[in-house]
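S.K.: compute the structure for the input listed below.
(4 chains)
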Protein chains: 4
Amino acid sequence: MMTIRRLDLADAGVLLGGARAHAARIGVPMCIAITDEAGHLLAFERMDGGKLTSVTIAIDKAFTAAGARRATHEYGALSQPGQPVWGIVSAIGGRFMTVGGGLPVSVDGDVVGGIGVSSGTPEQDRAVAQAGIDAWLARLG
Amino acid sequence: MMTIRRLDLADAGVLLGGARAHAARIGVPMCIAITDEAGHLLAFERMDGGKLTSVTIAIDKAFTAAGARRATHEYGALSQPGQPVWGIVSAIGGRFMTVGGGLPVSVDGDVVGGIGVSSGTPEQDRAVAQAGIDAWLARLG
Amino acid sequence: MMTIRRLDLADAGVLLGGARAHAARIGVPMCIAITDEAGHLLAFERMDGGKLTSVTIAIDKAFTAAGARRATHEYGALSQPGQPVWGIVSAIGGRFMTVGGGLPVSVDGDVVGGIGVSSGTPEQDRAVAQAGIDAWLARLG
Amino acid sequence: MMTIRRLDLADAGVLLGGARAHAARIGVPMCIAITDEAGHLLAFERMDGGKLTSVTIAIDKAFTAAGARRATHEYGALSQPGQPVWGIVSAIGGRFMTVGGGLPVSVDGDVVGGIGVSSGTPEQDRAVAQAGIDAWLARLG
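M.R.: Model (predicted):
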């Protein structure tokens, strides 16, 4: 058997809080999703004004980042025409996301969860996701 | 045109908090989902120990209760063999839930959102959903 | 963070082997699926003669048993007309299985995976799944 | 009527073994799927450390290669912007894979199954799939 570590709900709250604070700072209401390392949803918030289509997109960005252990914007680059994973975009019933805003949450090299953000530009989404991770890492100490 | 009222994220937090407190009281870690009146997810929490299959089920209970403006346990009764809505259970790609634990959130007769709870027995799920609504109504004053 | 235990591929091989041996003994070629505790597929075999529709059914039985931490035949009883979880059958896009043959794999009270078997009668499927678990527990010592 | 040849579970074991050995050699834990000529799953293994998103992707690569009787990386080239099968990528609910790592398994010009590999780079995935086929062909003698 394996022993693995994964985020719990308290961790998810810290990640959500850090992301929400940054979203408020830049004035873009976001959908923010936190999954465990297996890609299953732990916590979610749609800030007032977040886009309705972004509910699923945020959840799927977190799922992709956790499950594939890689940021979704990296898959965006790798899946361009002529690039190695061209065509990955519609995998897993369309859940595989290649738009920026999904980041794996890692500690000591192990992926323990994922965070996915949607409603802004992909750069804004990514910055908000990173702010969530920064807040969580700061708390870990 | 219509003007409608719907839950915002602050309301969702109150609903989640009331539900979470009751779940803790009865010692059953739950998945708890809050949707707006359109059935779109506003907030979600999987308490530590909540069932993985309950993530989708909780979300779909809230979706059903908000969208159909009726408690899911009522659809459970109405969809029994020989009853009026027999067969509704697999509607909307299986999202239509007839298991107790999904309640519409209403004010002055208007449905403004939904709450869905899963991981316990249907009775526990329903009681936890009701506790969320009670906490929210108490706050409304 | 949480620390959890889950099956690895070596465990899955023991579970598969125990199940396959029992299926051979009773002369019913089976589809046999092993998931980790998060419901993600670890290993799968379709014995020669196993039913094609049983590929997905076996995988979904293992997914349900692991994710809901309960045997699928128990959900079969609980979801009969008039029973508490009537209507659960079509949940999660139809993946939630209430036909016997899906069992959680547990150790010291923790669910660490799931096994799902399909192609025979539900009783045969369940016996084959149990034989997989028995072989694995015997190996644990 | 037609008489067709297809892989059986013993063949699948040889294919899996050859692929697994090569994956171990290059140090990349893989998800490896074997289907029959009809695209239905015969056997699957997620090596310890294989990506969770790769479970479905490996299965769908094998499905595509068997069903379309062509390597998935060839479809990657053919589906580039302006190329003949542009747009094929989202076919069949997203199951049609154009990322390398899916190969048909053929004998005497007949496709008798498919192998799909995922978790590494597409080139690694393809090399591991080819190693599976090589092991199987060597056994055929």
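
S.K.: distance of the residue nearest to A:Ala21 when sequence neighbours are not counted relative to A:Gly18?
M.R.: Nearest residue to A:Ala21, sequence neighbours excluded (CB to CB, 6 or more residues apart in numbering or on different chains): A:Ala131, at 6.9 Å. Quick note: C-beta positions are derived from backbone N, CA and C, even for glycine. Noted for A:Ala131: a distance of 5 Å to A:Gly18, by CB to CB, to the nearest Å.

S.K.: in chain A, which residue sits closest to chain C?
M.R.: Residue of chain A nearest chain C, by CB to the nearest CB: A:Ala38 (3.5 Å).

S.K.: for that residue, pull up the helix or strand it's in.
M.R.: Assigned by DSSP states H and E, A:Ala38 falls within no helix or strand.

S.K.: list the contacts for it?
M.R.: Going by CB atoms under 8 Å, 6 or more residues apart in numbering or on different chains, A:Ala38 touches A:6, A:66-67, B:52, C:36, C:38-40, D:52.

S.K.: near chain C, which residues of chain A show up?
M.R.: Contact residues, chain A versus chain C (CB under 8 Å from any CB of the partner chain): A:1-8, A:11, A:36, A:38-40, A:107, A:112.

S.K.: what's around A:Ala138, how many residues?
M.R.: 10 (other CB atoms under 10 Å in any protein chain shown).

S.K.: tell me the secondary structure for it?
M.R.: Under DSSP: H, G, I helix; E, B strand; the rest coil, A:Ala138 falls in the helix class.

S.K.: if you rank the residues of chain A next to chain C by neighbours, which is first?
M.R.: Ranked by neighbour count (other CB under 10 Å), the residues of chain A next to chain C have A:Asp36 at the top, with 29 neighbours.

S.K.: ok, that residue touching A:Ala66?
M.R.: Yes - assessed by CB atoms under 8 Å, A:Asp36 is found in contact with A:Ala66 at 7.1 Å.

S.K.: who touches both of those two?
M.R.: By CB under 8 Å, 6+ apart, the residues touching both A:Asp36 and A:Ala66 are A:Gly113.

S.K.: nearest to chain B: which residue in chain A?
M.R.: The minimum distance from chain A to chain B, using CB to the nearest CB, falls at A:Phe44 (4.0 Å).

S.K.: assumed that residue was part of a strand.
M.R.: Yes - counting by three-state DSSP, A:Phe44 is located in a strand.

S.K.: that one contacts B:His40, correct?
M.R.: No - using CB under 8 Å, A:Phe44 is not in contact with B:His40; the gap is 11.2 Å.

S.K.: list residues touching both of these two?
M.R.: By CB under 8 Å, 6+ apart, A:Phe44 and B:His40 have these common neighbours: A:Val55.

S.K.: now the helices for chain A?
M.R.: Taking DSSP state H as the test, the helices found in chain A are A:9-26, A:54-68, A:72-78, A:122-140.

S.K.: in JSON lines, list those helices along with mean pLDDT.
M.R.: Shown next, in JSON lines, are these (pLDDT from 0 to 100):
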{"stretch": "helix A:9-26", "mean pLDDT": "98"}
{"stretch": "helix A:54-68", "mean pLDDT": "98"}
{"stretch": "helix A:72-78", "mean pLDDT": "97"}
{"stretch": "helix A:122-140", "mean pLDDT": "97"}
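
S.K.: among those helices, which is the most enclosed?
M.R.: When the helices of chain A are scored by mean count of other CB atoms under 10 Å in any protein chain shown, the highest mean neighbour count falls to helix A:54-68 (a mean of 28).

S.K.: is it positioned near chain B?
M.R.: Yes - judged by CB under 8 Å from any CB, helix A:54-68 comes into contact with chain B at A:Val55.

S.K.: what angle do helix A:122-140 and that helix make with each other?
M.R.: Angle, helix A:54-68 to helix A:122-140, by axes from the mean of the first three to the mean of the last three CA atoms, to 10 degrees: 60 degrees.

S.K.: what sits against the residue lying closest to A:His40 once chain neighbours are set aside?
M.R.: Leaving aside its sequence neighbours, A:His40 sits nearest to B:Leu52 (CB to CB, 6+ apart; 5.2 Å). If you count contacts by CB under 8 Å, 6+ apart, B:Leu52 has them with A:38, A:40, C:38-39, C:66-68.

S.K.: who in chain A is up against chain D?
M.R.: By the rule CB under 8 Å from any CB, the part of chain A lying against chain D is A:2, A:38-39, A:63-64, A:66-69, A:81-82, A:84-94, A:96.

S.K.: hmm, back to that, could you dump the helices of chain A to CSV with distance to C:Ser118?
M.R.: Output for those, formatted as CSV (distance: least, CB to CB, whole Å):
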stretch, distance to C:Ser118
helix A:9-26, 34
helix A:54-68, 25
helix A:72-78, 34
helix A:122-140, 40
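
S.K.: one step back: give the contact list for the residue nearest to A:Ala21.
M.R.: Neighbouring residues of A:Ala131 by CB under 8 Å, 6+ apart: A:18-19, A:21-22.

S.K.: closest residue of chain A to chain D?
M.R.: For chain A, CB to the nearest CB, closest residue to chain D: A:Gly87, 3.3 Å.

S.K.: check contacts around the residue lying closest to that residue once chain neighbours are set aside.
M.R.: Distance criterion CB to CB, 6+ apart; nearest residue to A:Gly87, sequence neighbours excluded, is D:Thr98 at 3.3 Å. By CB under 8 Å, 6+ apart, the contact list for D:Thr98 reads A:86-87, D:72-73, D:75-76, D:78-79, D:88-89.

S.K.: and the longest strand for chain A?
M.R.: strand A:110-118 (DSSP state E).

S.K.: that strand pairs with which strands, and in what direction?
M.R.: strand A:31-36 (antiparallel), strand A:102-107 (antiparallel) (DSSP bridges).

S.K.: for the first one, the averaged confidence score.
M.R.: Per-residue pLDDT values across strand A:31-36 average out to 98.

S.K.: what about the residue lying closest to A:Ala23 once chain neighbours are set aside, how many residues nearby?
M.R.: Closest residue to A:Ala23 apart from its sequence neighbours, by CB to CB, 6+ apart: A:Met30 at 4.3 Å. A:Met30 has 29 neighbours, counted by other CB under 10 Å.

S.K.: hang on, isn't A:Met30 packed against A:Ala127?
M.R.: No - using CB under 8 Å, A:Met30 is not in contact with A:Ala127; the gap is 10.4 Å.

S.K.: thinking again about what came up before, turn the strands paired with strand A:110-118 into JSON lines, columns for distance to B:Gly102.
M.R.: Converted to JSON lines, the strands paired with strand A:110-118 look like this (distance: least, CB to CB, whole Å):
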{"stretch": "strand A:31-36", "distance to B:Gly102": "21"}
{"stretch": "strand A:102-107", "distance to B:Gly102": "29"}
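
S.K.: pick the most deeply packed of those strands.
M.R.: Buried most deeply of the strands paired with strand A:110-118, by mean count of other CB under 10 Å, is strand A:31-36, with a mean of 32.

S.K.: how far off centre is that one?
M.R.: 6 Å (CA atoms, centre = their mean, to the nearest Å).

S.K.: same question, stretch A:60-72
M.R.: 6 Å.

S.K.: ok, and what's touching it?
M.R.: Residues outside stretch A:60-72 that contact it (CB under 8 Å, 6+ apart) are A:33-39, A:41, A:75, A:94-105, A:111, A:113-118, A:125-126, A:129, D:51-54.

S.K.: do I have it right that A:Trp86 meets D:Gly76?
M.R.: Yes - between A:Trp86 and D:Gly76 there is a contact under CB under 8 Å: 5.5 Å.

S.K.: mind listing the shared neighbours of the two?
M.R.: Contacts common to A:Trp86 and D:Gly76, judged by CB under 8 Å, 6+ apart, are D:98-99.

S.K.: quickly check the residues of chain A next to chain C for the two that are furthest apart.
M.R.: Farthest pair in the residues of chain A next to chain C (CB to CB) is A:Met1 and A:Asp11. Separation: 23.1 Å.
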